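Asks: structural data only, the sequence is not supplied:
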């Protein structure tokens, strides 16, 4: 008995095409994932290498080289040194704490101020002097194009007069300023998508306008706020330029510490790698755990 | 929103004259306090009368008190209307006091000869800084470099678009790839410049990239010795951190395209490439414009990687304006000249961005 139904030659061709298509797509995906992840892996593995292994460029632990706690020991964070006193570790922890305080406070502040402003701008019409809503929004967003270098030197001189150099408050103020436009951009989009009938109903029930904002609208806009907060955290945690200019010993943040580890007798790659990895670890964790919020936040402004 | 509120609220506000008086008193009283403190302080600095102030903080505190009173008085004076103002006023006050004031101050600095290591302090020198800038080949060099760095956005965009298309395709493990592609954006530029710029590109016999280049057949892969390769490496590292940013925006745009449109195109016989060019790409134009403009804004701030990897070298080939001014201050504490350079840069940016935004508006608006 002969087969009655064949795949047409065109269809067989199609299957082969589909298969190569898949191959190309996954090949490209894996290639780019490798490009993205390899530097992180390289940093982590370098922190476990001895000098000879670094110079040989060994790649795979236990196969190419025997992992040692060298890099982490120099930070005072390896298992043996963890229980002992270590000035390097204290230094590192202080910088880490500075970064946490400064990035955290300024992100929270920017999210609070920015959400309020975005809500106001999306609901009411204002007139400050000659500026209407459109102008006010543009004024906030136009801060984005202000390059940090323009503000840096005036701030340096001003802070010197105000005794705010090398001070947490000074850095928090300037970081809040630098992320505020982004927060307003994201949050305005969020609030505009929430129907005003919600507040109207709430106010008929006797809530004040601030009551409606705090108890009805904010919980709905919470995902957007989290997105704005995380984006701000990423930007402020990584900020280097202002921190390098405006701090010296007391309020140093982690990026400044990473950048200043040139060392006198050449670079000790393993401790650099350990320090770099410790500096990026919190954000890697945030990135992996809260990825959807970040994507949501960045997508908010893109699609109108 | 040009006419009227979106949210209509009718409230009865009868504000008694006593309350009105209290509100006005708060504003003017705190303003008077601010003026008084500022005057006392300037008297100490320029008039030689010692009031015992160590720094300008008292003026700052008086300004804070004034700001709080101004916000509070809005509610006292205008009731419900004032409560609405309170949404925007704090942010507006914050931004105004932290940008407008330093900018005006910066204008004064820009036209003075001020070296922080010089005990004489600040002296006006008119347009001297401008002439110095005009004759400064390194500043012009930095500006030309910025043009190249900005042009590098286009290839970045192409890669980002490609990646977004890949992520939007029917694939498995989509979440894994999305997270992996996003990670470079989370990393601090300083750490990136150490991780990649130094340890992968510089360690001579063994850096992974060096070995790859040798494997491909490059004789002596010293990446930071000639200008163009150094510039290309900086561009690549910056691209590495920021491609996820554009990718996510484009991905969001792709996901917002209604599936019916692509299906309709397929029914009409448009396949693969053609459906991309004639359906997807035109629909993505607004997102493209937004993504490119925002990327440009971030690109114009490029500095961290340059400062940490090459500090402008070799011979200024990788300098961006920001890193150049940073070194101008770090090496010579030349505040006056550096501020002028920054101000010129700002003016250039504003001109370029305004022109680009006009063009973008035209490109995005649907043709009729």
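Replies: Cool, the structure landed. Every value quoted in this text rests on a predicted model; they were computed, and no experiment measured them.

Asks: low pLDDT regions in the stretch 151-300 of chain B?
Replies: B:202-206, B:219-221 (pLDDT under 70).

Asks: let's see 80
Replies: Scanning the stretch 151-300 of chain B with the threshold set as pLDDT under 80 gives B:195, B:197-227, B:262, B:269-273.

Asks: mind listing the helices for it?
Replies: Secondary structure of the stretch 151-300 of chain B (DSSP state H, counting those that start in this stretch): helices located at B:153-168, B:174-186, B:189-192, B:208-216, B:227-256, B:259-267, B:272-275, B:281-283, B:285-299.

Asks: which of those helices is buried the deepest?
Replies: Mean neighbours per residue, mean count of other Cβ atoms under 10 Å in any protein chain shown, is largest over the helices of the stretch 151-300 of chain B for helix B:189-192, with a mean of 28. The way it works is simple: take the backbone N, C-alpha and C, and place the C-beta from them, glycine included.

Asks: who touches that helix?
Replies: With contact meaning Cβ atoms under 8 Å, 6 or more residues apart in numbering or on different chains, helix B:189-192 is reached by A:39, A:43, A:238, A:240, A:255-256, A:258-259, A:276, A:279-280, B:184, B:237, B:240-241, B:304-305, B:308.

Asks: now, which of the residues you listed lie within helices?
Replies: Residues of the contacts of helix B:189-192 located in helices (DSSP state H): A:39, A:43, A:238, A:255-256, A:258-259, A:276, A:279-280, B:184, B:237, B:240-241, B:304-305, B:308.

Asks: tell me how far residue B:95 lies from residue B:89.
Replies: 11 Å (Cβ to Cβ, to the nearest Å).

Asks: anything in contact with each of the two?
Replies: In contact with both residue B:95 and residue B:89: no residue, using Cβ under 8 Å, 6+ apart.

Asks: so for residue B:65, what's the pLDDT?
Replies: Note for residue B:65: predicted pLDDT of 91.

Asks: what segments of the chain are strands?
Replies: Answering for chain A, as no chain was given. Remark: strands assigned in chain A by DSSP state E are A:127-128, A:131-132.

Asks: my question was about chain B
Replies: Using DSSP E, strands in chain B cover B:112-113, B:123-124.

Asks: in contact with the residue most central in space within chain A, which residues?
Replies: Centre of chain A computed as the mean C-alpha position; nearest residue by Cα atoms, centre = their mean is residue A:234, 1.7 Å away. Contacts for residue A:234 (Cβ under 8 Å, 6+ apart) come out as A:283, A:286, A:294, B:185, B:186.

Asks: farthest-apart pair in the residues you listed, please.
Replies: Taking Cβ to Cβ as the measure, the contacts of residue A:234 span a maximum distance of 11.4 Å, between A:286 and B:185.

Asks: isn't residue B:302 up against residue B:238?
Replies: Yes - contact criterion Cβ atoms under 8 Å: residue B:302 and residue B:238 qualify, at 6.0 Å.

Asks: which neighbours do the two share?
Replies: By Cβ under 8 Å, 6+ apart, the residues touching both residue B:302 and residue B:238 are residue B:149.

Asks: how about the stretch 51-200 of chain B: which residue is closest to chain A?
Replies: Closest contact between the stretch 51-200 of chain B and chain A, by Cβ to the nearest Cβ, is at residue B:87 (2.9 Å).

Asks: thinking that residue is in contact with residue A:115, fair?
Replies: No - with contact defined as Cβ under 8 Å, residue B:87 does not reach residue A:115; the gap is 9.2 Å.

Asks: ramachandran angles for residue B:319?
Replies: Backbone torsions for residue B:319, taken as degrees, to the nearest 10, come to phi -60, psi 130.

Asks: tally of neighbours for it?
Replies: Around residue B:319 there are 29 other residues, counting by other Cβ atoms under 10 Å in any protein chain shown.

Asks: confidence score at it?
Replies: Here, the pLDDT recorded for residue B:319 equals 88.

Asks: so it touches residue B:312, yeah?
Replies: Yes - at 4.0 Å, residue B:319 counts as touching residue B:312 under the criterion of Cβ under 8 Å.

Asks: identify the contacts common to these two.
Replies: residue B:306.

Asks: residue B:87 and residue A:115: which is more packed in?
Replies: residue A:115 (27 against 24).

Asks: tell me the contacts of the more buried one?
Replies: Shown in contact with residue A:115 (Cβ under 8 Å, 6+ apart): A:183, A:187, A:218, A:221, A:225, A:228.

Asks: can I have the buried ones of the residues you listed as a ChimeraX selection?
Replies: Per 16 or more other Cβ atoms under 10 Å in any protein chain shown, the buried members of these correspond to this ChimeraX selection:
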select /A:183,187,221,225,228
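
Asks: please tell me I have it right and residue B:252 contacts residue A:297.
Replies: No - counting by Cβ under 8 Å, residue B:252 does not reach residue A:297; the two are 10.3 Å apart.

Asks: so how far is residue B:262 from residue A:252?
Replies: For residue A:252, the distance to residue B:262 - Cβ to Cβ - is 52 Å.

Asks: no wait, residue B:254
Replies: 10 Å.

Asks: domains in chain B, by residue range?
Replies: B:17-110, B:134-364 (automatic domain parsing).

Asks: right, and those domains - which one's nearest residue A:62?
Replies: Short answer: domain B:134-364, nearest of the domains of chain B by Cβ to Cβ, at 18.6 Å.

Asks: mind checking the end-to-end distance for stretch B:207-222?
Replies: 11 Å (Cα to Cα, to the nearest Å).
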